[in-house]
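Q: just the structure for this:
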Amino acid sequence: RYPIGVRSRMSREKPSCLVVCSGHQKGVSAQSFIHSFTLTSSAFNVFLVTPGGTAVEFVDIDDTNRQWIADFRSKVLSNPHKLEEMDSSKFVALVIPSCPGALFDLNSNQELGAILNAFIREKKPICAVGYGVAGLFSTLDMHTQQWSFKHHSLTAPSLTEIVRREDFPSLPVVLPDFIRKHGGTFSSSLPTSLHVVVDTYLVTGQNDQSTLTAVQNLILLSNARLSRAR
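A: This next block holds a predicted model:
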């Protein structure tokens with residue numbers, strides 16, 4: 001069952017989409033979140049979730065997005081629901097915007113892994129952008145070392161983009177290395193270039209600049225899937 005107050009925010013006209021964000025202090029890219037939330041809200045009932053319902057810490061706030069973030073924080077819907085309480089069967093799509101914090105919490109979150117595996121079984125559209133791609137790593141079986149997205153084609157921040165981070169030496173995982181090591185096919189474009197990979201039901205974007213195109217593709221995949229189901 002949904003937490004108190006959730007049903008009142010649901011609209012029967014739209015299907016529901018999970019927007020999964022990191023709850024870690026390394027945060028969520030403000031611009032990637034804005035694009036993800038705005039686009040998904042046009043097509044779905046959006047449920048913002050974080051591990052434990054922790055408040056989202058936005059990073060890379062500047063003059064172009066500061067007011068939007070301030071307005072968003074003043075609304076009730078900015079309070080995340082607990083990822084642990086979500087029932088995957090209630091949602092038709094899932095988005096993970098670029099979250100540097102995902103390298104520290106979503107990458108090994110068991111609840112997220114279970115939700116993603118349920119989506120995979122039903123081939124529901126999944127979109128992960130930038131550092132949010134680390135959230136897909138939560139489907140790695142720690143006993144067998146089998147990754148649910150092996151044999152998939154993905155993109156994520158390139159090594160060139162990652163090494164530019166001041167905290168690079170302390171990062172717990174390097175995305176291109178993980179993808180290749182566990183059977184995925186990795187590709188990237190030039191740093192800050194728009195680069196999106198679509199593989200069946202999975203959409204990945206290389207960086208913040210790829211968010212709009214990645215989420216647009218998710219919506220197209222979801223619309224096509226729902227049309228076939230009618």
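Q: can you tell me the closest non-neighbouring residue to the spatially most central residue of the chain?
A: Nearest to the mean C-alpha position of the chain, by C-alpha atoms, centre = their mean, lies Ile96 at 0.7 Å. In space, and not counting its chain neighbours, Ile96 is closest to Gly132: 3.6 Å by C-beta to C-beta, 6 or more residues apart in numbering. For glycine as for every other residue, the C-beta is placed from the backbone atoms N, C-alpha and C.
Q: equivalent analysis for Asp141, please.
A: Trp147 (7.6 Å).
Q: re the thing from before, from Ser74, how far out is the residue nearest to Ile96?
A: Separation of Gly132 from Ser74 (C-beta to C-beta, to the nearest Å) stands at 25 Å.
Q: for these two, indicate the residue with more neighbours.
A: Gly132 (32 against 8; other C-beta atoms under 10 Å).
Q: okay, the more buried one: pLDDT?
A: Per-residue pLDDT puts Gly132 at 98.
Q: tell me the SS of it?
A: Following DSSP: H, G, I helix; E, B strand; the rest coil, the label given to Gly132 is helix.
Q: over to Cys127?
A: With three-state DSSP as the criterion, Cys127 reads strand.
Q: what's the average pLDDT for stretch 42-59?
A: In the prediction, stretch 42-59 has an average pLDDT of 96.
Q: wait, stretch 13-21
A: Stretch 13-21 comes out at a mean pLDDT of 94.
Q: also stretch 169-179?
A: Taken as a whole, stretch 169-179 carries a mean pLDDT of 95.
Q: and what of stretch 73-87?
A: 95.
Q: can you give me the helices in the protein?
A: Using DSSP state H, the helices of the chain run over residues 30-43, 66-73, 110-122, 159-163, 175-181, 211-229.
Q: can I get the shortest one as CSV, trimmed to CA atoms?
A: Below are the C-alpha coordinates for helix 159-163, written out as CSV (Å, rounded to 0.1, in the frame of the first residue of the first chain):
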residue,chain,number,x,y,z
LEU,A,159,36.6,8.0,-18.2
THR,A,160,37.7,11.4,-19.5
GLU,A,161,34.7,13.0,-17.8
ILE,A,162,35.1,11.0,-14.6
VAL,A,163,38.8,11.8,-14.0
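Q: in it, what counts as buried?
A: If you call a residue buried by 16 or more other C-beta atoms under 10 Å, then helix 159-163 has these buried ones: 159, 161-162.
Q: show me what it is packed up against.
A: helix 175-181 (3 or more C-beta pairs under 8 Å, 6 or more residues apart in numbering; DSSP states H and E).
Q: how far away from the center of its chain is the helix it packs on?
A: 17 Å (C-alpha atoms, centre = their mean, to the nearest Å).
Q: likewise for stretch 56-76?
A: For stretch 56-76, the distance to the chain centre is 18 Å (C-alpha atoms, centre = their mean).
Q: and what of stretch 83-96?
A: The answer for stretch 83-96 is 11 Å, by C-alpha atoms, centre = their mean.
Q: what's the end-to-end length of it?
A: One end of stretch 83-96 sits 12 Å from the other (C-alpha to C-alpha, to the nearest Å).
Q: in it, what counts as buried?
A: 83, 86, 88, 91-96.
Q: check stretch 52-68 too.
A: 53-54, 56-59, 65, 68.
Q: where's the nearest residue to Phe33 once chain neighbours are set aside relative to His35, distance?
A: The shortest distance from Phe33 to any non-neighbouring residue, by C-beta to C-beta, 6+ apart, is to Pro97 (4.7 Å). Distance, Pro97 to His35, by C-beta to C-beta: 8 Å.
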